[in-house]
Each structure stands twice: as C-alpha cells, then as structure tokens.
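Peer 1: sequence and predicted structure, then a few things I'm wondering about:
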Amino acid sequence: MSTNPKAPGLVSLLVTYNIYIMLAALVVISTLLSEHFLTLQNLFNLLRQLAPLALVSIGMLLVILTGGIDLSVGSIAAIGGMGVAMAMPALPFDGATALLICVFGGVLFGALLGAINGALVAGFGMASFVATLAMMTMARGLAYMLSNGQPVRFPRDLPTAQILTGFGSKGLPGIGLPWPVLAVLVVIALFVFLLRRTNWGRLTVATGSNENAVRLAGLPVWRYKFLAFTLSGALSALAGIFVTARTAVGTPVTGIGLELDAIAACVIGGALLSGGRGTVTNTMIGVLILGLIGNIMNLMSVPAYPQQIIKGVIIILAVLMQGIGARAKRRV
C-alpha cells in the first residue's frame with residue numbers, strides 16, 4: 001500500500017490532463033528547436049492551415065460519439081471546394097450574395113452526401129465503415145469526373161473570387177487573426193454548447209455509450225446517428241471551401257488522407273472509437289498536436305514521409321497513455 005497521500009491526486013492529474021501535458025511539451029520542444037516557431041506569422045499560418053482539419057474533426061467526433069466512423073470526409077471536402085470554384089464564374093451575378101449562395105450550395109450538397117451515409121447506417125443498418133467507404137469512393141470519383149481530373153481555377157479578378165480568397169488569406173484588422181480561424185472558433189463554441197447544454201448533445205453521446213438503453217427509453221436512435229452523419233458531411237464540405245479560399249483553386253485531390261488525420265485528432269483527444277466518450281475541446285487539442293508535429297518538422301526541413309511515421313507513433317503513444325491512465329484511475 002502506498003504511503004504517499006499525494007500519489008492518487010498526482011495520478012488523477014496526469015490522467016485528466018495528459019493531452020494538455022503533451023501539447024505543452026510539444027510547444028516547448030518546438031520553441032527550443034526553431035527560433036521561428038513562436039513568430040506570429042508562423043503561428044497564424046499554422047492555425048490557418050489547421051482550420052479545415054478542425055472542421056472535419058468536429059464532424060468526425062459527432063459520428064464517433066454515436067459509435068460510427070466516417071471515411072468519406074476527405075472526398076466530400078473535395079466536392080465542396082470544387083463546387084464553389086466551379087459555381088462562382090457560372091453565376092450571372094457576383095459579389096457577397098453570389099458567394100453566400102455558392103457556399104450554402106456547397107455545404108448543402110455535403111450535408112446531402114452525409115445524409116445518404118446516415119440513411120444507410122441508421123436506416124438500413126449498414127456498418128458505417130462500409131457505407132462511408134463506398135461514399136468515399138463515389139464522391140472522389142465524382143470530383144474527378146466534374147473536373148476531368150484537373151484543378152478548377154477561377155478568374156482572380158472576379159469580385160466573388162476576391163472576397164473568397166480575401167477570406168482565406170487575410171485576417172482580423174489590428175491583430176491579424178486569420179478569418180478562417182475566427183470562423184472555426186465560432187463553430188467550436190457552437191458545438192461545445194450543443195454537446196454540453198442541449199438534450200440533442202447528451203443523447204448523441206448516450207447513443208454511443210449505451211444504444212440499447214436509449215432505444216428502450218423510447219427515443220429515436222436513428223435520428224441522432226442520421227444527424228451526426230449529416231453534420232459531418234456539411235462540415236467536411238465547408239472545410240473543402242476553406243481549402244479553396246486559401247489556395248485559390250479547387251482540386252479533386254483535396255482532402256486525400258484527411259479522414260485519417262481527423263480520426264487521429266479524435267483519438268488523441270481521448271474519444272473512444274466504440275462511442276460515448278469525447279469532447280470538442282479535447283479533439284481540438286488533438287488537432288493542434290498533429291499540426292505542431294508537422295509544423296516543427298517543416299521548419300526543420302524534415303521530409304514528409306518521416307512525418308507520417310512520427311504521427312503514427314504519437315497516435316499509439318496517446319492511446320497507450322489513455323489505457324494506462326484509465327487503469328491507474330481504477331486502481332486509485
């Protein structure tokens with residue numbers, strides 16, 4: 001028996017805040033390894049690049065909370081980004097109204113693709129892995145068909161395009177916080193509120209932790225699963241639009257591998273792939289951890305392939321830490 005009365009409290013602290021400790025350690029290491037890391041330009045560029053992943057990871061978290069998985073997010077992001085790039089020059093009018101119509105249409109189409117996933121999983125009982133794998137293939141194929149396999153470029157002098165690219169490249173006057181980051185912060189606040197403070201959020205989590213209990217209570221389990229996939233599709237399409245805003249081009253290869261990064265962010269953030277556990281805040285910490293790994297390696301001119309290996313190691317360590325921490329907490 002331990003004679004140290006502070007041990008349980010210390011173990012509990014490490015279990016509760018392990019990903020925050022990991023994030024702080026990465027920040028310290030990055031600061032020591034590169035003098036450019038803490039510059040505002042680098043930090044804002046990092047956050048701007050992570051904005052699409054943050055949106056997709058929130059959608060992925062919703063699906064994971066219900067006990068599912070969504071492999072189609074990257075392909076839907078490509079459709080969303082390309083759709084806006086193709087629609088802007090095609091509209092007979094331009095300006096902010098035209099851009100809002102394009103963005104709304106892209107997000108709505110992403111929601112439609114997500115709803116198809118939701119119908120297959122919640123309505124027909126298909127495994128989410130299989131349903132979204134099929135959607136991933138079909139949506140990617142559609143992206144290639146619409147673009148003939150080529151990047152979709154739009155006139156830079158088009159007023160609608162100038163607003164879009166200005167959103168992707170500029171920031172809040174005065175402090176320079178990128179507009180995409182500000183938009184993501186609003187989305188984060190919205191879903192933190194929805195999951196913590198609404199019946200929909202609590203029942204979405206309950207669906208993943210004990211689906212039978214929710215069903216026996218007379219609640220429509222299918223509705224929570226269906227809505228989770230629909231929102232995942234909408235957020236994925238919005239993420240693709242953010243990519244187009246930053247790069248000023250829509251491409252059918254946007255989002256390749258994005259589903260894996262989103263799943264990794266959720267897992268690093270402590271979400272259970274079996275469902276019922278996970279928070280938006282911790283998922284965003286997972287996004288930052290993945291972003292920091294890539295950022296510091298880019299600053300140090302490390303090639304892309306070793307970055308993938310190190311990301312994999314980080315994911316394994318995060319899951320192992322969660323398992324060790326959970327067992328320690330039970331013993332305490």
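Peer 2: Looks like it came in fine.
Peer 1: and the strands in the stretch 151-300 of the chain?
Peer 2: Assigned by DSSP state E, counting those that start in this stretch, the stretch 151-300 of the chain shows no strands.
Peer 1: any weak-confidence spans in it?
Peer 2: Of all residues in the stretch 151-300 of the chain, none has pLDDT under 70.
Peer 1: if we go to 90?
Peer 2: Applying pLDDT under 90 to the stretch 151-300 of the chain flags the ranges 155-157, 174-176, 270, 272-274, 293-300.
Peer 1: for it, which segments are assigned as helices?
Peer 2: Secondary structure of the stretch 151-300 of the chain, counting by DSSP state H, counting those that start in this stretch: helices at 159-169, 179-197, 199-209, 211-216, 221-247, 258-268, 280-299.
Peer 1: can I get the CA coordinates of the first one in CSV?
Peer 2: Output in CSV follows, covering the C-alpha atoms of helix 159-169 (Å, rounded to 0.1, in the frame of the first residue of the first chain):
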residue,chain,number,x,y,z
PRO,A,159,-15.4,40.1,-57.2
THR,A,160,-16.8,36.9,-55.8
ALA,A,161,-13.4,35.2,-56.0
GLN,A,162,-11.7,38.2,-54.4
ILE,A,163,-14.0,38.0,-51.4
LEU,A,164,-13.4,34.3,-51.1
THR,A,165,-9.6,34.5,-51.4
GLY,A,166,-9.5,37.5,-49.2
PHE,A,167,-11.3,35.4,-46.5
GLY,A,168,-8.7,32.7,-46.9
SER,A,169,-5.6,34.9,-46.9
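Peer 1: any idea how many residues pack against Val84?
Peer 2: Residues within reach of Val84, counting by other Cβ atoms under 10 Å, total 27. (Each C-beta comes from the backbone N, C-alpha and C, glycine too.)
Peer 1: the strand or helix carrying Ser57 - contacts with which helices or strands?
Peer 2: In this structure, Ser57 is located in helix 40-65 according to DSSP states H and E. Other elements packing on helix 40-65 under the criterion 3 or more Cβ pairs under 8 Å, 6 or more residues apart in numbering; DSSP states H and E are helix 73-90, helix 179-197, helix 199-209, helix 221-247, helix 258-268, helix 280-299.
Peer 1: so which of the helices of the stretch 151-300 of the chain is nearest Met136?
Peer 2: helix 258-268 (7.2 Å; Cβ to Cβ).
Peer 1: tilt between that closest one and helix 73-90?
Peer 2: Angular relation of helix 258-268 and helix 73-90 on a 0 to 180 degree scale: 130 degrees, by axes from the mean of the first three to the mean of the last three Cα atoms, to 10 degrees.
Peer 1: how far is helix 258-268 from where the chain is centred?
Peer 2: Centroid separation for helix 258-268 versus its chain: 7 Å, with Cα atoms, centre = their mean, to the nearest Å.
Peer 1: what residues sit buried inside that helix?
Peer 2: 258-268 (16 or more other Cβ atoms under 10 Å).
Peer 1: closest to Val249 among the residues you listed?
Peer 2: Within the set of the buried residues of helix 258-268, Leu258 lies nearest Val249; the separation is 16.8 Å, counting by Cβ to Cβ.
Peer 1: which residue is the nearest non-sequential neighbour of that closest one?
Peer 2: Gly74 (3.6 Å; Cβ to Cβ, 6 or more residues apart in numbering).
Peer 1: my guess is Val107 contacts Leu231. True?
Peer 2: No. Here Val107 does not reach Leu231: they are 10.5 Å apart, not a contact under Cβ atoms under 8 Å.
Peer 1: tell me the confidence at the residue nearest the centre of the chain?
Peer 2: By Cα atoms, centre = their mean, the mean C-alpha position of the chain lies nearest to Ser57, the distance being 2.0 Å. On the pLDDT scale, Ser57 is placed at 98.
Peer 1: how far away is it from Val152?
Peer 2: From Ser57 over to Val152 the distance is 25 Å, taken as Cβ to Cβ, to the nearest Å.
Peer 1: also Ala127?
Peer 2: From Ala127 across to Val152, the span is 33 Å (Cβ to Cβ).
Peer 1: nearest to Thr160, of the buried residues of helix 258-268?
Peer 2: When the buried residues of helix 258-268 are compared against Thr160 (criterion: Cβ to Cβ), the nearest one is Leu258, at 25.5 Å.
Peer 1: for that closest one, which residues are in contact?
Peer 2: Shown in contact with Leu258 (Cβ atoms under 8 Å, 6 or more residues apart in numbering): 52-53, 56, 73-74, 77, 239.
Peer 1: hang on, the earlier thing: let me have the helices of the stretch 151-300 of the chain in a markdown table, adding distance to Ala134 as columns.
Peer 2: Conversion of the helices of the stretch 151-300 of the chain to a markdown table gives the following (distance: least, Cβ to Cβ, whole Å):
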| stretch | distance to Ala134 |
| --- | --- |
| helix 159-169 | 31 |
| helix 179-197 | 27 |
| helix 199-209 | 22 |
| helix 211-216 | 23 |
| helix 221-247 | 13 |
| helix 258-268 | 14 |
| helix 280-299 | 26 |
